[in-house]
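In: sequence and predicted structure below; questions after.
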Amino acid sequence: MEYRISDKLAAMKPSAIREIFKSLTDPSIIAFAAGNPAPESFPVEAIQGFAADILQNQAVTALQYSITEGYPLLREAVAKRQKERFGVGREFDNTIITSGGQQALELACKVMCAEGDVVICENPSFIGALNSFRSIGAKPVGVELDDDGINIEKLEEALKANPRAKLLYVIPTFHNPAGITTSLEKRRAIYALAKKYGVVILEDNPYGELRFAGEDIPTIKSMDEDGIVIYCGTFSKILSAGMRVGFCCAPNEIIQKMVVAKQVEDVHTNIFFQMICHRFLTDYDCDGHISKISELYRRKCTTMLSEMDKTFPKEVKYTRPEGGLFLWVTLPEKISMPDFVQKALANKVAVVPGTAFNCDTLAPSDSIRLNYSTPSDEQIVRGINILGELLNNELK
Ligand SMILES: Cc1ncc(COP(=O)(O)O)c(C=O)c1O
């Protein structure tokens with residue numbers, strides 16, 4: 001049978017990094033390619049306690065259908081925390097609980113974009129978002145990232161050149177994959193340009209809680225006097241990735257449309273896990289927990305950077321993140337990035353080729369993404385030394 005796959009899906013290629021992810025199940029491989037929270041970061045005992053208590057005292061609520069907008073107590077707790085922590089949410093905004101941050105991004109695009117519309121993105125950008133935009137028939141158009149965020153001149157050019165741009169997707173804090181944070185000045189410029197060109201900003205902040213150096217910078221959503229920012233977050237990086245609980249704060253009219261779109265996707269997000277997330281925010285020292293895991297990531301990131309400083313040739317450039325899970329390494333012209341990724345894998349170190357994060361799937365890249373949350377300290381030291389030796393050999 002020759003299947004007549006829908007055009008939208010037929011155009012989507014299997015992820016270039018799938019083979020590499022497969023290799024991550026091999027315990028002899030050092031995994032710098034994953035994006036998982038550290039295995040030791042989950043508050044297992046607390047979750048066991050909440051789960052037992054909920055099943056003992058609120059079993060029917062936990063096991064019954066629920067409402068699409070999300071568990072009311074969780075929506076309230078999320079809105080409160082996001083307001084206090086990140087200045088997110090005004091009188092015209094509302095909050096919806098989603099199945100991971102991923103679904104929030106997909107719903108936002110589904111609500112805002114028709115087939116053929118454009119989503120302006122930072123390039124490189126988060127592959128999950130790019131693929132969800134593509135699956136809806138929207139076209140990601142990339143604008144290059146500088147060390148302090150998207151290039152503002154090029155952003156304006158892209159906005160002028162793409163009258164069908166409906167959304168501007170940005171990850172201003174601890175970018176995945178680039179590991180950089182957008183400056184306050186650029187956040188203001190992004191907001192001003194979006195307003196000028198009538199484009200809605202989709203601000204993705206899955207890592208904002210995980211700061212281990214420097215000072216917080218206001219979210220773009222906190223500047224949103226005009227109702228032009230859709231803001232997404234998740235419990236994946238602070239509590240559990242497997243629970244699949246995320247959220248979105250946006251003008252109520254947009255949230256109402258997201259509710260309709262979510263109804264046909266999954267009716268509502270897993271209610272039992274929403275109840276656990278609520279207890280995490282209200283009955284637990286969640287700030288203490290977040291500081292503990294941020295400290296864990298600070299240690300792992302510092303270990304990775306100090307080994308890189310010692311072993312990588314000076315022609316290799318890399319970002320120095322102040323939070324989040326990733327850093328971005330740019331190879332000198334003399335080294336072929338795809339060959340290097342294959343050689344690294346042959347030497348039992350898995351990294352992600354930068355091409356995976358390109359808006360234009362055919363464009364080349366001279367960069368790779370490294371993750372420091374998943375490997376142990378010992379694996380970080382060993383893996384970086386292997387990469388360092390390979391890089392030095394390449395430049396001989
Ligand atoms: C930038 C970015 N946005 C959103 C997500 C989605 O997170 P979730 O696991 O909650 O769907 C991720 C996950 O890695 C991410 O890196």
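Out: Here it is on my side, so go on. Predicted, not measured: the structure shown is a model, and the values here were computed from it. Numbering: from 1, shown residues only.

In: what about T173, how many residues close to it?
Out: A count of nearby residues for T173, using other CB atoms under 10 Å, gives 26. (Glycine included, C-beta is placed from N, CA and C.)

In: what pLDDT does the closest residue in space to it that isn't next to it in sequence get?
Out: Distances taken as CB to CB, 6 or more residues apart in numbering place G208 nearest to T173, at 4.6 Å, with adjacent residues excluded. Looking at G208, its pLDDT is 97.

In: looking at the chain, which helix or strand does the model trust least?
Out: helix 18-23 (a mean of 67; mean pLDDT, DSSP states H and E).

In: neighbours around the nearest residue to L63 once chain neighbours are set aside, how many?
Out: Leaving aside its sequence neighbours, L63 sits nearest to F272 (CB to CB, 6+ apart; 7.3 Å). Applying other CB under 10 Å, we find 18 residues neighbouring F272.

In: in terms of helices and strands, where is F272?
Out: Applying DSSP states H and E as the criterion places F272 in helix 271-282.

In: by contact count, what packs against whatever helix or strand comes next after that helix?
Out: Following helix 271-282 in sequence order, the next helix or strand is helix 286-311 (DSSP H and E). Packing contacts for helix 286-311, counted by 3 or more CB pairs under 8 Å, 6 or more residues apart in numbering; DSSP states H and E, involve strand 326-330, helix 377-394.

In: residues in contact with C109?
Out: C109 makes contact with V119, S132, F133, I136, A138, L167, L202 under the criterion CB atoms under 8 Å, 6 or more residues apart in numbering.

In: same question, T98
Out: T98 neighbours (CB under 8 Å, 6+ apart): G70, A104, L107, C232, V245, G246, F247, C248, M258, K262, T269.

In: where does the stretch 151-300 of the chain have low pLDDT?
Out: Within the stretch 151-300 of the chain, no range satisfies pLDDT under 70.

In: what parts of it come near the ligand?
Out: When proximity is defined as CB under 6 Å from any ligand atom, the stretch 151-300 of the chain approaches the ligand at I171, N176, D204, P206, T234, S236, A241, G246.

In: go with 5 Å
Out: I171, N176, D204, P206, T234, S236, G246 (CB under 5 Å from any ligand atom).

In: phi and psi next, for the second one.
Out: In this case it means N176. Backbone torsions of N176, given as degrees, to the nearest 10, read phi -110, psi 120.

In: picking up where we left off before, let me see the contact set for the residue nearest to T173.
Out: Counted by CB under 8 Å, 6+ apart, G208 has contacts R85, F86, T173, F174, T219, G233, G323.

In: go on, D93?
Out: G227, C249, A250, P251, N252, I255.

In: isn't K300 right up against D377?
Out: Yes: using CB atoms under 8 Å, K300 is in contact with D377, at 6.7 Å.

In: in terms of neighbours, single out the busier of these two.
Out: Set K300 next to D377 and count neighbours by other CB under 10 Å: K300 wins out with 22 against 12.

In: chain neighbours aside, what residue packs nearest to that one?
Out: Leaving aside its chain neighbours, K300 sits nearest to Y372 (4.3 Å; criterion: CB to CB, 6+ apart).
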